[in-house]
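J.: Okay, predicted coordinates and the sequence, questions at the end:
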Amino acid sequence: MSKLNPCEAVQEQLSAYLDDELTQQEQQRIYLHVQQCPECSTLLQELESMRTDVKDAVLSSIDTRDLPTILHDQPARWLGWIGWSLFALGVLLVGAFFAWELASELLIGTATPWWFRLGIAGLYLGLAALFLSVLRQRIVARKTDKYKKVNL
Amino acid sequence: MHTLNNPYLQWYSGGLALARNLLGCPDTAQDVLQTAITKTLSNKRMPDDQAAQRVWFFKVVRNGCFDYLRQQQKFDSSAVPEEVLGAAEVIDEVEASERQRWVRAALLTLTVEQREIIVLRDVNDLSYAEIAQVLQMNSGTVMSRLHRSRMALRAALQDLKAENGGVYE
């Protein structure tokens, strides 16, 4: 068969040759033929450029729109980071001022009876402790959450 | 970014390419892929090496697509693409380069079998043996079918070129 029409037999295998899927011997045979046959070598080149075109064409249509690019938007990330730090700073300053005021009020202010001052202190400290306990639970849960990194 | 650690997410776009080419509709393709990834992640008895996992993953994606098509009663291996595809591809036109549009248009004229084998090989770089496993055929058939599909794609490209006055190359 290959004696009668070598090109036809070679062209059948050009795809596999291009993909490097032939045995070494066959690969060699095709290589030798392609070297001296302009028709087959043109076809090979065409197939090769088509292969890369297909990859680009199919993949580009996917990457550009479907992957969550919004999540990797750098400016938004920086803004988010700055926003959270400012917020934390504000909370710390205001909280410290409030705590200071409250403490000095409760310790120094003798106008109210001592049990009432103790009650107010207990109220605030209790709330803070409750908040901390919930916060701790959340953080622990977050650390041990096995689905956290599953980004589907 | 942690997605790179997970092999299935690394194959995400390739799997999506396959699903899209089988289904035509980008949204459904994403649904199918989502289900496939969930299945793969929740499967306890996965093969150990990555190559086998990849074959497994593409099998799941492909089966998912066919299940969907069967559900839709549209599974008729020759007639699936065009009717659904029209709408989806209009969006693509905007950002694709001229050349890529040609290739994509040509791909659409092929049959589902031809398209899936081309996507598996050229987009996802599966070896013939792996494609044979995914498509459940022997690798000799893969070789000849892939070649015929590529020749069909080439012919389709040439047709487009003739119709539109040779913009492609």
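T.: Ah, there it is. None of the values given here were measured: they were computed from a predicted structure.
J.: Quick check: what element follows the helix or strand of chain A with the lowest mean pLDDT along the chain?
T.: Least confident helix or strand of chain A, by mean pLDDT, DSSP states H and E, is helix A:38-66 with a mean of 80. Sequence order places helix A:74-108 as the next helix or strand after helix A:38-66, per DSSP states H and E.
J.: Just checking, which helix or strand succeeds that following helix along the chain?
T.: helix A:114-144.
J.: list the buried ones in that next one?
T.: Buried residues in helix A:114-144, counting neighbours by 16 or more other CB atoms under 10 Å in any protein chain shown, are found at residue A:117. All C-beta spots, glycine's among them, are computed from the backbone N, C-alpha and C.
J.: the domain parsing of chain A - what is it?
T.: For chain A, the structural domains run A:6-66, A:74-144, going by automatic domain parsing.
J.: can you redo those domains as a markdown table with distance to residue B:107?
T.: Shown next, in a markdown table, are the domains of chain A (distance: least, CB to CB, whole Å):
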| stretch | distance to residue B:107 |
| --- | --- |
| domain A:6-66 | 7 |
| domain A:74-144 | 34 |
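J.: Out of the ones you listed, which gets nearest to residue B:36?
T.: Residue B:36 lies closest, by CB to CB, to one member of those: domain A:6-66, at 14.7 Å.
J.: Off-centre distance for the closest one?
T.: Chain-centre distance of domain A:6-66: 35 Å, with CA atoms, centre = their mean, to the nearest Å.
J.: Would you list the phi and psi of the residue of chain A positioned farthest from its centre?
T.: Relative to the centre of chain A, the most outlying C-alpha is that of residue A:111, 59.1 Å out, by CA atoms, centre = their mean. Torsion angles at residue A:111 (phi, psi; degrees, to the nearest 10) stand at phi -70, psi -40.
J.: And it, how far from residue B:41?
T.: Noted for residue A:111: a distance of 65 Å to residue B:41, by CB to CB, to the nearest Å.
J.: Over to residue B:61?
T.: 14 Å.
J.: Compare neighbour counts for those two and give me the winner.
T.: Ranked by neighbour count (other CB atoms under 10 Å in any protein chain shown), residue B:61 and residue B:41 place residue B:61 first, with 27 against 14.
J.: from what I can see that one touches residue B:18, true?
T.: Yes. In this structure residue B:61 lies within contact range of residue B:18 using CB atoms under 8 Å: 5.7 Å.
J.: so where's chain A uncertain?
T.: Along chain A, the model assigns pLDDT under 70 to residues A:1-4, A:60-72, A:148-152.
J.: Flag the helix or strand of chain B with the lowest per-element mean pLDDT.
T.: helix B:81-95 (a mean of 47).
J.: ok, longest helix in chain B?
T.: Taking DSSP state H as the criterion, chain B has its longest helix at helix B:139-164.
J.: for that one, packing partners?
T.: helix A:6-18, helix A:38-66, helix B:98-109, helix B:112-118, helix B:128-135 (3 or more CB pairs under 8 Å, 6 or more residues apart in numbering or on different chains; DSSP states H and E).
J.: buried sites along that helix?
T.: Buried residues in helix B:139-164, counted by 16+ other CB under 10 Å: B:142-143, B:145-147, B:149-153, B:156-157, B:160.
J.: How about the residue most central in space within chain B: what's its closest non-neighbour residue?
T.: Nearest to the geometric centre of chain B sits residue B:18, at 2.2 Å (CA atoms, centre = their mean). Computed as CB to CB, 6 or more residues apart in numbering or on different chains, the closest residue to residue B:18 that is not its neighbour in sequence is residue B:119, at 5.0 Å.
J.: where are the low-confidence patches of chain B?
T.: B:1-8, B:73-97, B:165-169.
J.: Thought residue B:105 was touching residue B:153, still the case?
T.: No. Counting by CB under 8 Å, residue B:153 stays clear of residue B:105, with 10.8 Å between them.
J.: right, and the residue nearest to the centre of chain B touches residue B:122 too?
T.: No. Under the criterion of CB under 8 Å, residue B:18 is not in contact with residue B:122, lying 11.2 Å apart.
J.: what about residue 53, neighbour count?
T.: With no chain named, the answer covers chain A. Residue A:53 has 21 neighbouring residues, counting by other CB under 10 Å.
J.: wrong one, I was asking about chain B
T.: Close neighbours of residue B:53, defined as other CB under 10 Å, add up to 17.
J.: Can you give me the distance of it to chain A?
T.: 17 Å (CB to the nearest CB, to the nearest Å).
J.: for the strand or helix carrying that residue, packing partners?
T.: Using DSSP H and E, residue B:53 maps to helix B:50-71. In terms of contacts (3+ CB pairs under 8 Å, 6+ apart), helix B:50-71 is packed against helix B:7-10, helix B:12-23, helix B:26-42, helix B:128-135.
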